[in-house]
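Trainee: sequence plus the predicted model coming up.
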2 protein chains.
Amino acid sequence: MRVSIREVAPRDGLQNEEPVPTDAKVRLINELSETGVRRIEAVSFVHPRAIPQMADADEVWARVNRHPDIRYSALIPNTRGAQRALAAGFREIEVVVSASDTHNRRNLNRSTDESLDDIASLIPLIHEAGATVEVIVATSFGCPFEGDIDPDRVAGLVARVRGDGADRIAFGDTTGMATPRRVRDLLSAVRPDLLHFHNTRGTGLANILTALELGITEFDASVGGIGGCPYAPGASGNVATEEVVHMLHDMGIGTGIDLDRLISTAETAEKLLGRTLPSGVLRAGPRTRLV
Amino acid sequence: MRVSIREVAPRDGLQNEEPVPTDAKVRLINELSETGVRRIEAVSFVHPRAIPQMADADEVWARVNRHPDIRYSALIPNTRGAQRALAAGFREIEVVVSASDTHNRRNLNRSTDESLDDIASLIPLIHEAGATVEVIVATSFGCPFEGDIDPDRVAGLVARVRGDGADRIAFGDTTGMATPRRVRDLLSAVRPDLLHFHNTRGTGLANILTALELGITEFDASVGGIGGCPYAPGASGNVATEEVVHMLHDMGIGTGIDLDRLISTAETAEKLLGRTLPSGVLRAGPRTRLV
């Protein structure tokens, strides 16, 4: 069995941290590209006033050493972002819509239905340029404003965007409300291509374990657990890639990633960010590292 | 389905933290006793030179408000400790032996076989006083000096101590080397009554989930995740009780514990220890706590 990890620290991770210099972003992507990971979410093309952390996306992308075997992706919020991503040469584009209407309004300043209409008009534009579209359904496992999200609502959204031509679907556990029970509940209603968990409440690896049992083999993860959680100051955000890889390799599941290099990259990330990152495997090393 | 949690912060947790005043220990046990938890590892009776954190065990135990529905236990290292625990009125006594000979020598200054002989002579002494004996097999899932521990070796130890009259068996994941795969491997060779996991490498809840699937329903946990890990400075130690209870309740598994009171006790523990504790549910609150 193999699992495909998408490394999201350069975009989703850094977007939720204090801004770092362009050099640091380039170095992080370059080091990650040498770990054996085969997918990296590199940047987002958003308005710099909305997300200053990604203001230098074009420069970052122009300067990184692109590894020929790695699929790099970019997140975009609208037509302008899509045009920038396509002009920069990205062939995998991500867009977000929230399953929670309240969260979608807070995050994107419009209703879920309005975002779905936007996505429907973006998809052909992106396809015409020869790129693919992944729709990330945020708050799939619960919303910090609305609470539980009915799996049937998520299934309805998925049916809509698949009908509109989406190539891939990801479910985002935006504020760490997923649990093994919620993973089972949602996946029995509708299946994504990829899952994106946070470790806000300690359930990150338990959720991945549950999803593996249900046949999901694509996961997002962020080296060092980079990426805070805006609703829970001090809490960890994304699951740490090295914790995911450590557990998977111990289970005999391949990822193609060199764990030692990945941990070394987490150490680099910690220096670049200047804060202690929430990753046990970064602190303690793998279980095979003896005293 | 129900799970029985033993709260180990007062003993295993505090033993691995900077010493706190007697008042703080009494307050922690008293607050825990009001959360609905039905088992508490209260103190250990060890030589104060070996473990200064437990030097005031007699005074702590004399001063706590003992809840009539709670089973309190004490850890002891030898005959002298057993005598003190029995004189103090404990009816549940725990002893430790390490599955790893190297770890046993470092931790207890004798071989595993010598410790097994000691335990064999302690058991009748404790039984004669009307108390029960739990044998905790440390490093059951791996040793930081020796690496992997053969499940058959653990099974051999368990057969020996059961033959010598041990009432209960616990497996300790002493330095956080357990993973879902190691839980399956060990439990397919030999089954304990109770499991004690650390969250050193992020697998704590994934391990518990795996053990639940294999029919284990008794777990140790430490409020706030109190208890560092000596081999991994900065890493979390014991699984945090509120993270365990949060996941179990969401799965519809009862524990008898009031999660809000437990989180409030974790907040108290954080103040008493004066450091940020490694518990996501303490930081972020339960998933049901909306903005």
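Mentor: On my side now, so go ahead.

Trainee: show me where the stretch 1-150 of chain A has its helices.
Mentor: With DSSP state H, counting those that start in this stretch, the ranges of helices along the stretch 1-150 of chain A come out as A:14-15, A:22-33, A:57-63, A:79-87, A:101-108, A:112-128.

Trainee: and for A:Asn65, the neighbour number?
Mentor: Applying other Cβ atoms under 10 Å in any protein chain shown, we find 9 other residues in the vicinity of A:Asn65. The way it works is simple: take the backbone N, C-alpha and C, and place the C-beta from them, glycine included.

Trainee: whoops, I mixed them up, A:Ala50
Mentor: Residues near A:Ala50, counting by other Cβ under 10 Å, number 12.

Trainee: coming back round to it: and of the helices of the stretch 1-150 of chain A, who's closest to chain B?
Mentor: Closest of the helices of the stretch 1-150 of chain A to chain B is helix A:101-108, at 9.3 Å (criterion: Cβ to the nearest Cβ).

Trainee: off-centre distance for the closest one?
Mentor: Distance, stretch centre to chain centre, for helix A:101-108: 18 Å (Cα atoms, centre = their mean, to the nearest Å).

Trainee: try stretch A:216-225
Mentor: Centroid displacement of stretch A:216-225 relative to its chain, using Cα atoms, centre = their mean, is 7 Å.

Trainee: that stretch near chain B at all?
Mentor: No. Using Cβ under 8 Å from any Cβ of the partner chain, stretch A:216-225 stays clear of chain B, coming no nearer than 8.8 Å.

Trainee: go on, stretch A:138-158?
Mentor: Yes. Stretch A:138-158 reaches chain B (Cβ under 8 Å from any Cβ) through A:Gly142, A:Pro144, A:Phe145, A:Glu146, A:Gly147.

Trainee: would JSON lines of those with distance to A:Ala85 be doable?
Mentor: Shown next, in JSON lines, are the residues of stretch A:138-158 next to chain B (distance: Cβ to Cβ, whole Å):
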{"residue": "A:Gly142", "distance to A:Ala85": "29"}
{"residue": "A:Pro144", "distance to A:Ala85": "28"}
{"residue": "A:Phe145", "distance to A:Ala85": "29"}
{"residue": "A:Glu146", "distance to A:Ala85": "30"}
{"residue": "A:Gly147", "distance to A:Ala85": "34"}
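
Trainee: got the residues of the stretch 101-250 of chain A near chain B?
Mentor: By Cβ under 8 Å from any Cβ, the part of the stretch 101-250 of chain A that sits against chain B consists of A:142, A:144-147, A:175-177, A:179-182, A:199-206, A:208-210, A:229, A:231-236, A:239-240, A:243, A:246-247, A:250.

Trainee: swap the cut-off to 6 Å and go again
Mentor: Residues of the stretch 101-250 of chain A lying near chain B by Cβ under 6 Å from any Cβ of the partner chain: A:142, A:144-145, A:147, A:177, A:179-181, A:200-203, A:205-206, A:209, A:232, A:234-235, A:243, A:247, A:250.

Trainee: quick check, the residue in the stretch 1-150 of chain A closest to chain B?
Mentor: Closest point on the stretch 1-150 of chain A to chain B, by Cβ to the nearest Cβ, is A:Pro144, at 4.7 Å.

Trainee: who does the helix or strand A:Ile208 falls within touch, helix- and strand-wise?
Mentor: Assigned by DSSP states H and E, A:Ile208 belongs to helix A:204-213. Applying 3 or more Cβ pairs under 6 Å, 6 or more residues apart in numbering or on different chains; DSSP states H and E, one finds that helix A:204-213 contacts helix A:180-189, helix B:204-213.

Trainee: A strand includes A:Ile263, no?
Mentor: No. A:Ile263 sits outside any strand when classified using DSSP: H, G, I helix; E, B strand; the rest coil, being helix.

Trainee: picking that back up, just flag the most distant two among the residues of stretch A:138-158 next to chain B.
Mentor: The largest separation in these, counting by Cβ to Cβ, is between A:Gly142 and A:Phe145 at 10.0 Å.

Trainee: the more surrounded of these two?
Mentor: The neighbour comparison of A:Gly142 against A:Phe145 (other Cβ under 10 Å) goes to A:Gly142, with 24 against 15.

Trainee: contacts only, for the more buried one.
Mentor: Under the criterion of Cβ atoms under 6 Å, 6 or more residues apart in numbering or on different chains, the neighbours of A:Gly142 are A:Asp148, A:Ile149, A:Met177, B:Arg287.

Trainee: what's around the closest residue to it other than its chain neighbours, how many residues?
Mentor: Residue nearest to A:Gly142 in three dimensions, not counting chain neighbours: A:Met177, with 3.1 Å by Cβ to Cβ, 6 or more residues apart in numbering or on different chains. When counting by other Cβ under 10 Å, one arrives at 27 neighbours for A:Met177.

Trainee: residues in contact with A:Met177?
Mentor: Here A:Met177 is in contact with A:Phe141, A:Gly142, B:Arg287 (criterion: Cβ under 6 Å, 6+ apart).

Trainee: one step back: wait, the residue of the stretch 1-150 of chain A closest to chain B sits on B:Arg287?
Mentor: No. If you go by Cβ atoms under 6 Å, A:Pro144 and B:Arg287 don't touch, sitting 8.8 Å apart.

Trainee: and A:Thr203, what does it touch?
Mentor: Going by Cβ under 6 Å, 6+ apart, A:Thr203 touches A:Thr179, B:Leu205, B:Met247.

Trainee: what subset of those is buried?
Mentor: A:Thr179, B:Leu205, B:Met247 (16 or more other Cβ atoms under 10 Å in any protein chain shown).

Trainee: so the first one touches B:Asp250, yeah?
Mentor: I take that to be A:Thr179. Yes. With contact defined as Cβ under 6 Å, A:Thr179 reaches B:Asp250; the gap is 4.5 Å.

Trainee: returning to that earlier point: list the buried residues in the helix holding A:Ile208.
Mentor: For helix A:204-213, the neighbour count (16+ other Cβ under 10 Å) marks A:Gly204, A:Leu205, A:Ala206, A:Asn207, A:Ile208, A:Leu209, A:Thr210, A:Ala211, A:Leu212 as buried.

Trainee: mind saving the C-alpha coords of the helix or strand that that helix is followed by as PDB?
Mentor: Next along the chain after helix A:204-213, taking DSSP H and E as the criterion, comes strand A:218-221. In PDB, the C-alpha atoms belonging to strand A:218-221 read as follows (Å, rounded to 0.1, in the frame of the first residue of the first chain):
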ATOM      1  CA  GLU A 218      -4.200  11.000  -0.300                       C
ATOM      2  CA  PHE A 219      -3.500  13.400   2.600                       C
ATOM      3  CA  ASP A 220      -2.400  17.000   3.100                       C
ATOM      4  CA  ALA A 221       0.200  17.600   5.800                       C
END
